[in-house]
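Trainee: Any chance you can model this:
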Amino acid sequence: SPTMSCALVSLLLVGLLHQTTMAVRMDKLADRKMCGDAECSYVLSMATAVDDFIAPDCRFINIKKGQMVYVYSKLIPPDGAGVFWYGSVYSERYVDQMGRTGYFPATVVKETRRFTDNPVWKQTTDMDFYCE
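Mentor: Model (predicted):
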C-alpha cells in the first residue's frame, strides 16, 4: 500500500541520518597533552618520518617513510605507556592523505624543527579520541 511504502522510506531516511552523525568513542591514549597554543591549532613542530606506520584504527594516520609531518600536539602518557603525537602528513606524492589529522607513534618520526619554546599543557578530553 502507498502508506506502507511511505513509512518505509521515512524509516530509511531517518536511519541514514543517524548513520552520518554517529561518532565512535575510543579509549583515551593519555590524560594530558602539550600544544603550541591554547586551542592546539598552531603547528608545534615539523618532523620527518623515519619509518612507515599503518594506522590501526580511525584515531591514527598512515605515515610513509620520508614524509614531512606537521605536529600539532604531543600526548603526555602515564609512565611506561607509548608516546603518541597528533598531526598531519604533507607530501606531494600522497595528496590523498593531505589535511587528514590523527595520532602516530613519536618513534616513527624525527623532529626537525620546533616552532615554540613555550608550549601549553592541557588536559585531554574524550573528544580528542573520537572517531567519525
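Trainee: OK, contacts around the residue most central in space within the chain?
Mentor: By CA atoms, centre = their mean, the chain has its centre lying nearest to residue 102, at 1.9 Å. Shown in contact with residue 102 (CB atoms under 8 Å, 6 or more residues apart in numbering): 55, 58-61, 86-88. Quick note: C-beta positions are derived from backbone N, CA and C, even for glycine.
Trainee: Please repeat the previous calculation with a cut-off of 7 Å.
Mentor: Contact analysis of residue 102 by CB atoms under 7 Å, 6 or more residues apart in numbering lists 55, 59-61, 86.
Trainee: Can you give me the buried ones in the lengthiest strand in the chain?
Mentor: In the chain, taking DSSP state E as the definition, the longest strand is strand 68-76. For strand 68-76, the neighbour count (16 or more other CB atoms under 10 Å) marks 68-75 as buried.
Trainee: quick one, strands of this protein?
Mentor: Going by DSSP E, the chain shows strands at 24-25, 32-35, 45-49, 68-76, 84-90, 101-105, 109-114, 120-123, 130-131.
Trainee: contact partners of stretch 66-78?
Mentor: In contact with stretch 66-78 (CB under 7 Å, 6+ apart) are residues 29-30, 32-35, 40, 43-49, 63, 83-91, 94, 101, 109.
Trainee: List only those of the residues you listed flagged as buried.
Mentor: Counted by 16+ other CB under 10 Å, those give 29-30, 33-35, 40, 43-47, 49, 63, 84-89, 91, 109 as buried.
Trainee: just to revisit the earlier point, make CSV out of the strands of the chain and add mean pLDDT.
Mentor: CSV is the format used below for those (pLDDT from 0 to 100):
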stretch, mean pLDDT
strand 24-25, 62
strand 32-35, 91
strand 45-49, 95
strand 68-76, 92
strand 84-90, 91
strand 101-105, 93
strand 109-114, 94
strand 120-123, 90
strand 130-131, 76
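Trainee: Off-centre distance for the longest strand of the chain?
Mentor: 10 Å (CA atoms, centre = their mean, to the nearest Å).
Trainee: For residue 110, give the beta-bridge partners.
Mentor: residue 48 (DSSP bridges).
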